[in-house]
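S.K.: Structure for the following, please:
(chains A, B, C and D)
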Protein chains: 2
Amino acid sequence: MNISEAATRAGLPPKTIRYYEDIGLITPDRGANGYRSFSETHIHKLHFLARARGLGFSVEDCRTLLALYEDSGRASADVKAVAQEHLAQIEAKIAELTAMRDTLTDLVHACAGDHRPDCPILKGLEQ
Amino acid sequence: MNISEAATRAGLPPKTIRYYEDIGLITPDRGANGYRSFSETHIHKLHFLARARGLGFSVEDCRTLLALYEDSGRASADVKAVAQEHLAQIEAKIAELTAMRDTLTDLVHACAGDHRPDCPILKGLEQ
DNA sequence: ATAGGGCTTCCAGTCACTGGAAGGTCAAGA
DNA sequence: TCTTGACCTTCCAGTGACTGGAAGCCCTAT
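M.R.: Predicted coordinates:
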């Protein structure tokens, strides 16, 4: 299967698949014409990558997870450790964004939003 | 005042201040020796930028906000529009991260995290 | 005179793609 | 057979907002 079909099946843009090959995440076969050729196994891996990236794992985390995925002798503790670390980062990010949202919401509510120059948002940014 | 003191006062790294000058966000004076020289007005602007960046505004938003900040004839509606647009993006990001967190939390809770290879996290990524 | 710290510029790297150019390949229709 | 258009290839550059580091000038204190 050529790259565009693989892309459709995996839910990733062709460019991204080429990029993943570049950085060694996946190694499709090659036809006589130089075209990449994807097997069902490749599709599974790409789909796995798409899901992991969709959950916010870094590409390096994906590399680790993919290696664990392929290692039938893995310990689930290793997978869990990666996921928990990532979860902690997501929660930190949510907390950061929530604080921003709360501050911004207050400022936006305080601002008349009319033609006059007086603006609590700018005052809030000035502090 | 030299850049390192300005950096301390504004709460930004010197490198970041140089970068802001590079992209035209701020234009400090220059001493005879070529050193940047910051006035209180510059410090105010830098502080404003630090706050705005801290609330997650993009550098381009900061450029707009700074222009409004300096324009005594501004309409507060213009400021509010920028803030509301940004707020909407933050809320979208929070929603996205929350969905990731919920999925990841479920997977992590389902995983024994022991020496055995069986792993619901990997299964969840495989789908 | 020298040592150190601070300042300057410029270049490269980060992360994960994404756009675009230049050119080779393939299948279908005239 | 030729052409057209869609597909494929590689390579280079750009994104955002810095950040690290190198090479070299400047200032102050000893």
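S.K.: drop to CA atoms for contacts and neighbour counts, all remaining ones
M.R.: Noted.
S.K.: Could I get the contacting residues of the residue of chain A found nearest DNA strand C?
M.R.: Going by C-alpha to the nearest atom of the strand, DNA strand C is nearest to A:S58 of chain A, at 3.3 Å. If you count contacts by C-alpha atoms under 8 Å, 6 or more residues apart in numbering or on different chains, A:S58 has none.
S.K.: Write out the residues of chain A neighbouring DNA strand C.
M.R.: Taking C-alpha under 7 Å from any atom of the strand as the contact definition, chain A meets DNA strand C at A:13, A:15-16, A:19, A:32-34, A:53, A:57-60.
S.K.: So chain A: which segments form each domain?
M.R.: According to automatic domain parsing, chain A comprises the domains A:1-74, A:79-127.
S.K.: and the shortest one, average pLDDT?
M.R.: The pLDDT scores in domain A:79-127 average 96.
S.K.: before we move on, what about stretch A:48-61?
M.R.: Average pLDDT, stretch A:48-61: 97.
S.K.: Would you tell me whether it gets close to DNA strand D?
M.R.: No - under the criterion of C-alpha under 7 Å from any atom of the strand, DNA strand D is not reached by stretch A:48-61; the shortest gap measures 12.9 Å.
S.K.: Relative to the whole chain's centre, how far out is that stretch?
M.R.: 5 Å (C-alpha atoms, centre = their mean, to the nearest Å).
S.K.: and stretch A:112-127, how far out from the chain's middle?
M.R.: 36 Å.
S.K.: quick one: terminal-to-terminal distance for that stretch?
M.R.: Stretch A:112-127 stretches 18 Å from its first residue to its last (C-alpha to C-alpha, to the nearest Å).
S.K.: do stretch A:53-65 as well
M.R.: Terminal residues of stretch A:53-65 lie 11 Å apart, using C-alpha to C-alpha.
S.K.: Quick one: distance of it to the chain centre.
M.R.: Mean C-alpha position of stretch A:53-65 versus that of the full chain (C-alpha atoms, centre = their mean) differs by 7 Å.
S.K.: Thank you, goodbye.
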